[in-house]
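Student: starting from these lines, generate the structure:
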Amino acid sequence: MDQPTRRYLFFGRVQGVGFRYTTAGLARECGVLGYVRNRSDGSVELVVQGAEVDVDWLVTHLDAHFAGYIERRTVEDWPGETFAGFEVRR
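Tutor: Residues are numbered from 1 along each chain as shown. Down below sits the predicted model:
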């Protein structure tokens, strides 16, 4: 099974609203690996690895749950890392 790794950046009012912990819970629910962390510019970074259907499920749920907070997001392929679980990073 293909396990792509992608890096998403979420912009808007995404810090201080439970974004990281909601992301971690959803990520563990769908079985993807990686991490989520706040960035100094006010955005949130999500690096996620897993089956395409699971990654899409996670991002779709984040978009819906935080629709009033996310102004935009970017995505790029993120090669070269392997993860053992999903974590919230500082």
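Student: mind listing the helices for the chain?
Tutor: Using DSSP state H, the helices of the chain run over 19-30, 52-65.
Student: next, count neighbours for the closest residue to F83 other than its chain neighbours.
Tutor: Distance criterion C-beta to C-beta, 6 or more residues apart in numbering; nearest residue to F83, sequence neighbours excluded, is L33 at 3.7 Å. (C-beta placed from N, C-alpha, C; glycine too.) Other residues within reach of L33, judged by other C-beta atoms under 10 Å, total 20.
Student: got a pLDDT number for L33?
Tutor: Reported pLDDT at L33 in the predicted model: 97.
Student: so what's it bridging to?
Tutor: Bridge pairing for L33 (DSSP bridges) gives the partners Q49.
Student: 25 is where my numbering starts, stick with that
Tutor: I'll keep to 25 as the first residue from here, and by that count the last item is L57.
Student: check the gap between it and I94 for me.
Tutor: When distance is defined by C-beta to C-beta, to the nearest Å, L57 is 22 Å away from I94.
Student: and stretch 81-101, how far apart are its ends?
Tutor: 17 Å (C-alpha to C-alpha, to the nearest Å).
Student: tell me the mean pLDDT for that stretch?
Tutor: 97.
Student: now it: buried residues?
Tutor: 81-83, 85-86, 89-90, 93-94, 97 (16 or more other C-beta atoms under 10 Å).
Student: can you redo the residues you listed as a markdown table with distance to G40?
Tutor: Shown next, in a markdown table, are these (distance: C-beta to C-beta, whole Å):
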| residue | distance to G40 |
| --- | --- |
| W81 | 25 |
| L82 | 21 |
| V83 | 21 |
| H85 | 20 |
| L86 | 16 |
| H89 | 15 |
| F90 | 12 |
| Y93 | 10 |
| I94 | 14 |
| R97 | 18 |
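Student: now the two most distant members of the residues you listed.
Tutor: W81 and Y93 (19.4 Å; C-beta to C-beta).
Student: isn't F43 up against Y93?
Tutor: Yes. Taking C-beta atoms under 8 Å as the definition, F43 is a contact partner of Y93 at 7.4 Å.
Student: okay but A108 is in contact with G58, surely?
Tutor: No. A108 lies out of contact with G58 (C-beta under 8 Å); the separation is 10.2 Å.
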